[in-house]
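> Let's see this in three dimensions:
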Amino acid sequence: MADTLLSTLAKINTDVRSVLCELSEGFYLDSEITNWSNEAQEEIANETFCLRTWKTYTILADDIFDSREIRMDDDFIAIDEGLVYYNDIALRPTTQGRLALADSQWRDKTGDPSRYYVRGDMLGFDRIISAGDTVKFHQIERAVAMAGAVVPFNGDYRLINFRKLIRDYVLAFCWEKKGEDKRSDKCMNRYLYGIKRMQDILGIDMDNTSNIIMEDHPARFHSRGKVPDWYWN
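The predicted structure is shown next:
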């Protein structure tokens, strides 16, 4: 079946204008609808972590910071659950604090990394790294801005049914611009409900209340004391 449901920015624009009963540019500018559409897509991706992907990255010399860190590409939001691989070797998660407690000279160590840490948008390792090496991991990526034939949510077919949330978000701001507060609130509430529904369907646990993986399960890296001590050292 052909994918036609709000599959381009132009179709979102047409659908929004149909609800507003303004089929061509007038009170609402196309540029406004475009900006709100991309803003919605960015927010949805951030709130739901819906864009998960497997990232393979070859380190460039100019990308190395402080001998052991690399800055993530601009499509990066966060590292998803799962391991980080350095030259196809699985690494364990850690922090700079744990590394310093274990060895005050860790910053000068060479050899193959065995642990990684995340610092903002930097991915760091417990050993000095080299250009030409490869890093692989699951990441949450940003949504590519919609323009022309660019499909929402980076073309991920699993998210087709959630494209209507972009429309709801845009309509909320359109009605707000016109002073139609009740209509604006109705659209925003529908959008927010859709976000919550989307998180539930995708298994996103923003406040750690999910029962799918219990709080004391070893799969949760933050559950210190619930796994063997060797894991953290």
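> Name the residues that touch whichever strand or helix holds Q199?
Secondary structure assignment for Q199, by DSSP states H and E: helix 181-202. By C-beta atoms under 8 Å, 6 or more residues apart in numbering, the residues outside helix 181-202 that reach it are 40, 44, 47-50, 162, 164-165, 168-169, 171-176, 204-206. Just so you know, the C-beta spots here come from the backbone N, C-alpha and C atoms, and that holds for glycine as well.
> do you know how far the residue nearest the centre of the chain is from N154?
With distances taken as C-alpha atoms, centre = their mean, I140 lies nearest the centre of the chain, 3.5 Å away. Between I140 and N154 the distance is 12 Å, computed by C-beta to C-beta, to the nearest Å.
> and for those two, which residues touch both?
Common neighbours of I140 and N154 (C-beta under 8 Å, 6+ apart) are L51.
> before we move on, back to that, just the buried ones from the contacts of helix 181-202?
Burial by neighbour count, 16 or more other C-beta atoms under 10 Å: within the contacts of helix 181-202 this picks out 40, 44, 47-50, 162, 164-165, 168-169, 171-175.
> Can you give me the buried ones in the helix holding Q199?
By neighbour count on 16+ other C-beta under 10 Å, the buried set for helix 181-202 is 183-184, 187-188, 190-191, 194-195, 198-199.
> Mind putting those into JSON lines with distance to R158 and pLDDT?
As requested, the buried residues of helix 181-202 are exported to JSON lines (distance: C-beta to C-beta, whole Å; pLDDT from 0 to 100):
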{"residue": "R183", "distance to R158": "30", "pLDDT": "97"}
{"residue": "S184", "distance to R158": "29", "pLDDT": "97"}
{"residue": "C187", "distance to R158": "24", "pLDDT": "97"}
{"residue": "M188", "distance to R158": "25", "pLDDT": "97"}
{"residue": "R190", "distance to R158": "21", "pLDDT": "96"}
{"residue": "Y191", "distance to R158": "19", "pLDDT": "97"}
{"residue": "G194", "distance to R158": "15", "pLDDT": "95"}
{"residue": "I195", "distance to R158": "16", "pLDDT": "95"}
{"residue": "M198", "distance to R158": "11", "pLDDT": "91"}
{"residue": "Q199", "distance to R158": "14", "pLDDT": "89"}
